[in-house]
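Trainee: would you be able to build a 3D model of this:
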Amino acid sequence: MRLRKKPWINEAIQEYATVLAEPGNVSNQESLFGKSAPLHVELGTGRGRFICEMSAANPENNYLGIEVQKDVIYYAAQKAFERNLPNLRLLIFNVNEIQELFAAGEISRLYINFCDPWPKNRHAKRRLTHRRFLEMYRRILVPGGDLCFKTDNEQLFEFSLNEFSAAGLRLQNITFDLHNSGFAGNIMTEYEAKFSAKGMKIFRCEARFI
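Mentor: Numbering: from 1, shown residues only. Predicted structure coming up:
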């Protein structure tokens with residue numbers, strides 16, 4: 001569903017300009033965060049609950065949340081600004097061009113949470129876990145870096161597991177029912193909290209780029 005544009009968003013988001021990054025400066029961690037540290041990146045940050053909680057819980061890392069929709073990232077910027085998290089920045093950017101942002105081996109971990117499943121077969125290449133994206137991720141992740149993936153779509157999860165295996169990634173911590181798995185340390189997105197409360201299963205795995 002296409003979001004209705006908010007005509008006030010361009011001006012309103014400037015209030016939170018201090019938590020926003022520009023594409024040209026994401027590779028300069030000293031300038032962006034004030035320190036160099038393992039960089040963790042979320043693709044499709046949405047309203048920012050996950051990335052804010054992760055950065056607050058892990059101040060030793062730097063976090064970058066990427067979201068293409070300015071109307072959505074506005075709410076993430078609001079959260080990040082109010083919590084004053086020095087190790088978190090947000091970027092309005094299209095993930096299809098992610099390899100243009102980072103040099104080889106710049107990222108330690110990627111998070112993909114509840115991305116668009118693109119259910120039609122002819123749209124498979126648009127899924128963020130398709131092998132064409134995995135090759136992009138491989139170039140920008142450190143050797144041994146990993147991808148943490150969550151979804152509520154079982155078909156997308158099975159597709160993703162197959163893509164990860166075909167790309168030679170090492171799979172671990174696979175669960176088909178995250179909230180009943182005993183997995184410790186899970187931080188929910190807004191979407192996850194809403195739908196898990198309705199009894200929907202959440203699927204999760206980690207894929208390491210060996």
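
Trainee: tell me the centre residue of the chain?
Mentor: Glu42 (2.1 Å; C-alpha atoms, centre = their mean).

Trainee: that one touches Ile73, doesn't it?
Mentor: No. Checked against C-beta atoms under 8 Å, the pair Glu42 and Ile73 is beyond contact range at 11.2 Å. Bear in mind the C-beta positions are built from the backbone N, C-alpha and C, glycine included.

Trainee: what packs against the host helix or strand of Leu91?
Mentor: Using DSSP states H and E, Leu91 sits in strand 88-92. Strand 88-92 sits against helix 49-57, strand 62-67, helix 70-83, with contacts defined as 3 or more C-beta pairs under 8 Å, 6 or more residues apart in numbering; DSSP states H and E.

Trainee: kindly compare burial across those and name the winner.
Mentor: Burial of the helices and strands packed on strand 88-92 is given as mean neighbour count (mean count of other C-beta atoms under 10 Å); strand 62-67 ranks first at a mean of 26.

Trainee: same for that strand, what does it pack against?
Mentor: So strand 62-67, by 3+ C-beta pairs under 8 Å, 6+ apart, packs with helix 29-33, strand 39-43, helix 49-57, helix 70-83, strand 88-92.

Trainee: to Lys6, which of the ones you listed lies closest?
Mentor: helix 70-83 (5.2 Å; C-beta to C-beta).

Trainee: output the longest strand belonging to the protein.
Mentor: strand 141-151 (DSSP state E).

Trainee: pull the helix or strand with minimum mean pLDDT from the protein.
Mentor: Lowest on mean pLDDT, DSSP states H and E among the helices and strands of the chain sits helix 9-12, with a mean of 86.

Trainee: one step back: could you pull out the residues contacting both of Glu42 and Ile73?
Mentor: Gly65 (C-beta atoms under 8 Å, 6 or more residues apart in numbering).

Trainee: quick one on the thing from earlier: figure out which of the helices and strands packed on strand 62-67 is closest to Thr129.
Mentor: Nearest of those (C-beta to C-beta): strand 39-43, 10.2 Å.

Trainee: need the contact partners of that closest one.
Mentor: With C-beta under 8 Å, 6+ apart, strand 39-43 has contacts from 29, 50-51, 54, 58, 61-66, 95, 98, 106-113, 115, 128.
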